[in-house]
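[1] Sharing a sequence plus its predicted fold:
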Amino acid sequence: MNLREYFASHGAEDNYQAARREALNRWNEQVRYCCACGGELPLADVEGAEAQRVCGSCGKVHFPRIEPCVIVRIQREGKILLARHVQRNTDIYACIAGFVEAGESAEHALQREIREEIGIEVKNIRYFGSQSWPFPDQLMLAFVADYAGGEIRIQKEELQEVGWFAPDDLPAHPRPGSISYELIHAYE
């Protein structure tokens, strides 16, 4: 069973443990040497409580890298905005999402991503929840926002199609187990 299927069929605590193991295994595979001195790093204990590796040569403590991302459900007049992407999961509609860039707050990143990808403005940004998403090392920070204005202008390099959908008339969308699914199905 792949991890996405696992997430869809297990609860939050099991998913946390699976995401942690996946992230730490990937970290063991990809980061083998200390960035300060070049010494070889010991492997992280995937089942242990601490996620750190100490360089035996210089003592520098290393922690796994986490890439923060934002994802948002935009709502307007009883509908939610969903988009089909160009390069990934092209057969499903999902919430707008993107990486937090250096120096940005999560809210700033959310507004920037929305402007870049669909050209509209939002208001009343509210925190919804979060999910570790080890594809590859993401922490998804989920929000809900209300449409504030503007005309949709699709960023063609990112998106194929964008639309407003009623909760009882949703297109193909992410499966249970993802924060995107939870956002879509928790419509206010």
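    Sure thing, it's come through. Residues are numbered from 1 along each chain as shown.

[2] List the beta-bridge partners for F165.
    Applying DSSP bridges to F165 gives these bridge partners: I80.

[3] which ones are touching the residue lying farthest from the centre of the chain?
    No residue in the chain sits farther from the centre than S57, which is 35.0 Å out by C-alpha atoms, centre = their mean. S57 makes contacts with C34, C37, G38, G39, E40, as judged by C-beta atoms under 8 Å, 6 or more residues apart in numbering. Every residue, glycine included, has its C-beta placed from N, CA and C.

[4] Now the first one: phi and psi?
    In this case it means C34. phi -70, psi 130 (degrees, to the nearest 10).

[5] Looking at the contacts of S57, spot the one nearest E67.
    Taking C-beta to C-beta as the measure, E67 lies nearest C34 of the contacts of S57, at 20.9 Å.

[6] Make sure the closest one is actually in contact with G59.
    No - using C-beta atoms under 8 Å as the test, C34 is too far from G59 to be in contact (9.4 Å).

[7] Where does the nearest residue to I179 once chain neighbours are set aside sit: helix, strand or coil?
    Residue nearest to I179 in three dimensions, not counting chain neighbours: Q131, with 4.1 Å by C-beta to C-beta, 6 or more residues apart in numbering. Under the three-state scheme (DSSP: H, G, I helix; E, B strand; the rest coil), the conformation of Q131 reads as strand.

[8] Now do the buried residues in stretch 130-138.
    Under the neighbour-count criterion of 16 or more other C-beta atoms under 10 Å, stretch 130-138 has Q131, S132, W133, P134, D137, Q138 buried.

[9] Sort those residues by pLDDT and name the bottom one.
    For these, the model is least confident at P134; its pLDDT is 69.

[10] low-scoring pLDDT stretches of the chain, where are they?
    Within the chain, the stretches with pLDDT under 70 are 134, 187-188.

[11] how does it divide up, domain by domain?
    3-62, 67-185 (automatic domain parsing).

[12] mind checking the end-to-end distance for the shortest one?
    Across domain 3-62, the terminal residues are separated by 26 Å (C-alpha to C-alpha, to the nearest Å).

[13] Can you report how many residues lie near A19?
    Residues contacting A19 under the criterion other C-beta atoms under 10 Å number 21.

[14] can you confirm it is in a helix?
    Yes - checked against three-state DSSP, A19 lies within a helix.

[15] mind listing what it touches?
    Going by C-beta under 8 Å, 6+ apart, A19 touches L3, F7, S132, W133, P134.

[16] right, and the fourth one touches C69 too?
    Spelled out, that is W133. Yes - taking contact to mean C-beta under 8 Å, the distance of 7.5 Å between W133 and C69 places them in contact.
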